[in-house]
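# starting from these lines, generate the structure:
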Amino acid sequence: MIKLAGLGKAAAASILISGIVFGTAVRAQEISEEHINAAKQAIGTLGVTDRFDDILPGLAERLKAELIQASPNVQDAITETVDTKALELAPRRADLEREAALTYARAFSLDELKAISAFYGSEAGKKLLKDGPIATRELMKAADIWAAGINRDLNTSSMTELQKVAGADLQPLPANNSNVGGAPGASTVPAPAAPAAKPKP
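Here you go, the predicted structure:
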């Protein structure tokens, strides 16, 4: 299976962003239209540019909020004007889609793009896109629990063994030890008792 199948949406988006930043010097005419169209299809199947749909509306809402805060008496005019200007800019969304296609066309061959579309367009591919992030979150939870147990046992066994060797010279772990999953604090290995104060004569 091609490498992208194991990477998922996040990696696909990373490829897109990296390509936009570092690959804009490559001219569009160096890539065939067939190649670009295959890239567009792959991008559509992956949905990696869907997250960009909210950029323009978000910018418009932010601008309206800033202008209304500064000039509340003309709120209606601000809302109408900014919305109109945002709609005028909406066609430029195609520029980003074109750049995305060029980025993927530079990163993948024509055959690879077709394979990407074929897999992620299949039921298994759709399920991976839909449920992959959920599975990853559950995996990370399991890894955290596992790491906490390993961390606890490593600290406990190491401190117990060191207590035999170092005795009173061994200081307990700080209570706020920041190791993964937490760590046993001073209660694991008691600190040596302080010597009793000598009575005054």
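# what's the lengthiest helix in the chain packed up against?
Taking DSSP state H as the assignment, the helix of the chain that covers the most residues is helix 123-166. Applying 3 or more C-beta pairs under 8 Å, 6 or more residues apart in numbering; DSSP states H and E, one finds that helix 123-166 contacts helix 8-22, helix 110-120. To be clear about C-beta, it is placed using only N, CA and C from the backbone, and glycine gets the same treatment.
# residue 128 and residue 120 touch, don't they?
Yes. At 7.4 Å, residue 128 counts as touching residue 120 under the criterion of C-beta atoms under 8 Å.
# higher neighbour count, those two?
residue 120 (22 against 18; other C-beta atoms under 10 Å).
# got the contact list for the residue lying closest to that one once chain neighbours are set aside?
If the residues on either side of it in the chain are set aside, residue 120 comes closest to residue 45, at 4.5 Å by C-beta to C-beta, 6 or more residues apart in numbering. Neighbour list for residue 45: 116-117, 120-121, 125 [criterion: C-beta atoms under 8 Å, 6 or more residues apart in numbering].
# lowest average confidence across the helices and strands packed on helix 123-166, which one?
When the helices and strands packed on helix 123-166 are compared on average pLDDT, helix 8-22 comes out lowest at a mean of 53.
# next secondary structure after that helix?
helix 33-46 (DSSP states H and E).
# helix or strand with the lowest mean pLDDT in this protein?
helix 8-22 (a mean of 53; mean pLDDT, DSSP states H and E).
# tell me what whatever helix or strand residue 65 lives in is packed against?
Per DSSP H and E, residue 65 falls inside helix 55-70. Contact here means 3+ C-beta pairs under 8 Å, 6+ apart; on that basis helix 55-70 packs against helix 75-89.
# only alpha carbons, please: show the helix it packs on as CSV.
C-alpha atoms of helix 75-89 as CSV (Å, rounded to 0.1, in the frame of the first residue of the first chain):
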residue,chain,number,x,y,z
GLN,A,75,-23.2,48.2,12.8
ASP,A,76,-25.6,47.5,10.0
ALA,A,77,-23.4,49.2,7.4
ILE,A,78,-20.4,47.4,8.6
THR,A,79,-22.1,44.0,8.5
GLU,A,80,-23.5,44.6,5.0
THR,A,81,-20.2,46.0,3.6
VAL,A,82,-17.9,43.3,5.0
ASP,A,83,-20.2,40.5,3.9
THR,A,84,-20.4,41.9,0.4
LYS,A,85,-16.6,42.3,0.1
ALA,A,86,-16.1,38.8,1.5
LEU,A,87,-18.4,37.4,-1.2
GLU,A,88,-16.4,39.2,-3.9
LEU,A,89,-13.3,37.6,-2.6
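# what sits up against it?
56-57, 59-60, 63-64, 67-68, 71.
# what angle sits between that helix and helix 55-70?
160 degrees (axes from the mean of the first three to the mean of the last three C-alpha atoms, to 10 degrees).
# in helix 75-89, which residues are buried?
Buried positions in helix 75-89, judged by neighbour count with 16 or more other C-beta atoms under 10 Å: 78, 82, 86.
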